[in-house]
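J.: give me a model of this one.
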Amino acid sequence: MDSWKPLSETDEKQSDALKKETLTIDQVVDRIYKGINFKLLLLFVVATIPASQTGVQVYMTIFTGFIPYSEWTCVSDRCFSLLAESNFSETFYSARPMCANQLEAGTDFNWTSQRTSFSMDWGIYCESESKLSVVSSFFFIGAFLGLVSSTAIFDRFGRKNGAIAGNIIAGIATVVGTWAPSFEVMLAIRVLQGIGMFMNLTGIYCWVVEFSPTHLRGSLSALILIMWSLGYLVIVLIGYLIHSWKYIFLTTGTLNFLLIIPLLLYPISPRFALVRGREEEAKRILKAFSKVCNNEGALDMDRVDLSYTTKVQNYADQFKDFMKYPTLRKQTLLCFLCWFTVAFLFYGFDFGWGKISSNLYASYLLAALGKVFSFTITIPAGHFLGRKKSVQFFLVLGVIFFFLAMPDLQISEDWTLEFAACLVGSIVTSSAYAINYLYTSELAPTTHRGTVMSLSSSCARLGSFSGIYATLLYDITDRRVPLALFAGMTMTYVVAVSFLTDTTGKSIPETPQDVEIMAGKEKYHSVEHGTGKKRLESV
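T.: Sure thing, here's the model as predicted:
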């Protein structure tokens, strides 16, 4: 019988070399990352470029359906008589004389604009002007339907594949819009655009957040929204350069198909692979990521045992979790309210600048530049103040500037106090909107993130739909009424955020149990299962 011998120092080193290190996906990504380099920056910039197309398609009806109330001329005796009664006033060729006297296009007047729009082609003006708001708002009906139905795609087939599918749907619909013959057909096209583009945006967002190191999430979240706002700038430029609304549709639809290319080249997120139980695939993706980070020696992935929960759930199981876990339920419902409110404010302004300013392209150019600035400042704000405090800071500023916009004051020939204050108010609420994306994705557990993000964004689409119609209040009531409405909605948002947990610097929860533990609920604890994978369960 062999006698027992103590392990030598060499044997102990060999034994340690064979041991596996158990790490979460956050820990692996954070250890691989060692700083920004050109390849890493290029990776995330190229990945977020397709998000710009959402901004393009949201706002394209502003420039394809505009109503040129100042560009028309009389052709009937009745119209010329009214012009004479006004003493040939320079202000006669405007919306009020046209609409108040129920002048008819083609009978009493002809449009003189060098640009075309579907509103002019289909007789949308004055009493039927609300149809333009309907066309714009139907995009968000599509977005709502797409996000609800895409939950299964995100959680079962991945964020990347969902984004690709969305881009294809929107691209086909937009190209077909070039030949739209009527208002009713355009409504269907806008629904399909909404379905596709918000599948695309949400899929890209989830991919980037789940691939990013912990302390880079704020910057990368802002990067996605900056790309989105660059799309806003792109459609202003396209609308200014291309005079035919049909060619605007053709151009933007073509862009959709070009922007699928980056999505085809990239892998699925390692976090999604882990949740689906494909650990080896996740390791291969992380090895490739370490090369991009110029840090291949950071970890030997063969010696890493990734801690994850394999959890494939259907809709019923996920909604049972919302009933079972109180913190998850509370935070998700508050996120729904926040998303509805901020989207109402965001799009209420974005489709209303034509009511606040007389110069269509200049006002929307300033609004687009304001969006770029608003999303950019969220990076330092999130760094110094954190998620929760930065949202509250921006919202309080928003309330102040909405009230400042109420007095009648002409600052200069081209600027009023209302326009200046509303521009600042729009910037700060847009900053809150940008942080909301990151905040929600960090509050939601990985196993339910696709569902939470999709449903939250669906609530935002309801807010977007409603916000567009808020601009009609300028035509039927005092202009201070919509400003008071915006201020009240902003205060509601502040209250809702105060009940959310601050996620700044914290790891992303993997499961609903993690959410409860992070909230300090003692009845949840971690246990080890026979597979060796860490799983959290309720006692």
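J.: show me the helices in the stretch 351-500 of the chain, by range?
T.: For the stretch 351-500 of the chain, the helices defined by DSSP state H, counting those that start in this stretch occupy 353-356, 360-404, 417-443, 446-470, 473-476, 480-497.
J.: now these in CSV, with distance to residue 196 and mean pLDDT?
T.: From N, CA and C alone the C-beta is placed, and that goes for glycine too. As requested, the helices of the stretch 351-500 of the chain are exported to CSV (distance: least, CB to CB, whole Å; pLDDT from 0 to 100):
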stretch, distance to residue 196, mean pLDDT
helix 353-356, 26, 55
helix 360-404, 22, 84
helix 417-443, 19, 82
helix 446-470, 13, 79
helix 473-476, 30, 71
helix 480-497, 28, 85
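J.: now for those, which one comes closest to residue 513?
T.: The closest of those to residue 513 is helix 446-470. By CB to CB, the value is 9.8 Å.
J.: who does the closest one touch, helix- and strand-wise?
T.: helix 130-157, helix 183-211, helix 270-275, helix 315-324, helix 326-350, helix 417-443, helix 480-497 (3 or more CB pairs under 8 Å, 6 or more residues apart in numbering; DSSP states H and E).
J.: now these as JSON lines including mean neighbour count?
T.: Formatted as JSON lines, the helices and strands packed on helix 446-470 follow (neighbours: other CB atoms under 10 Å):
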{"stretch": "helix 130-157", "mean neighbour count": "22"}
{"stretch": "helix 183-211", "mean neighbour count": "25"}
{"stretch": "helix 270-275", "mean neighbour count": "26"}
{"stretch": "helix 315-324", "mean neighbour count": "13"}
{"stretch": "helix 326-350", "mean neighbour count": "22"}
{"stretch": "helix 417-443", "mean neighbour count": "24"}
{"stretch": "helix 480-497", "mean neighbour count": "20"}
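J.: among those, which is nearest residue 169?
T.: Closest among the helices and strands packed on helix 446-470, using CB to CB: helix 183-211, at 3.4 Å.
J.: ok so, going back, let me have the helices of the stretch 351-500 of the chain in TSV, extended by distance to residue 509.
T.: Shown next, in TSV, are the helices of the stretch 351-500 of the chain (distance: least, CB to CB, whole Å):
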stretch	distance to residue 509
helix 353-356	40
helix 360-404	14
helix 417-443	8
helix 446-470	7
helix 473-476	41
helix 480-497	19
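J.: among those, which is nearest residue 410?
T.: Closest among the helices of the stretch 351-500 of the chain, once you apply CB to CB, is helix 417-443, at 7.8 Å.
J.: next, the contact list for the residue nearest to residue 463 when sequence neighbours are not counted, please.
T.: In this structure, residue 463 finds its nearest non-sequential neighbour in residue 343, 3.4 Å apart by CB to CB, 6 or more residues apart in numbering. Counting by CB atoms under 8 Å, 6 or more residues apart in numbering, residue 343 touches 433, 459, 460, 461, 462, 463, 464, 467.
J.: need those residues in CSV with distance to residue 363, can you?
T.: CSV is the format used below for the contacts of residue 343 (distance: CB to CB, whole Å):
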residue, distance to residue 363
433, 20
459, 28
460, 24
461, 25
462, 26
463, 22
464, 20
467, 17
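J.: out of the helices of the stretch 351-500 of the chain, which comes closest to residue 518?
T.: Ranking the helices of the stretch 351-500 of the chain by proximity to residue 518 (CB to CB) places helix 417-443 first, at 9.4 Å.
J.: follow-up on the earlier one: identify the farthest-apart pair in the contacts of residue 343.
T.: 433 and 462 (14.9 Å).
J.: mind showing which ranges of the stretch 101-250 of the chain have poor pLDDT?
T.: 151, 218 (pLDDT under 70).
J.: figure out which of the helices of the stretch 351-500 of the chain is closest to residue 28.
T.: Here helix 446-470 is closest among the helices of the stretch 351-500 of the chain (CB to CB), at 13.9 Å.
J.: in that closest one, what counts as buried?
T.: Using 16 or more other CB atoms under 10 Å as the test for burial, helix 446-470 gives 446-470.
J.: was I right to think residue 58 contacts residue 139?
T.: Yes - the criterion here is CB atoms under 8 Å, and residue 58 meets it with residue 139 at 6.3 Å.
J.: export the helices and strands packed on helix 446-470 to CSV and tack on distance to residue 386?
T.: Compiled in CSV, the helices and strands packed on helix 446-470 are given as follows (distance: least, CB to CB, whole Å):
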stretch, distance to residue 386
helix 130-157, 27
helix 183-211, 17
helix 270-275, 23
helix 315-324, 26
helix 326-350, 16
helix 417-443, 10
helix 480-497, 12
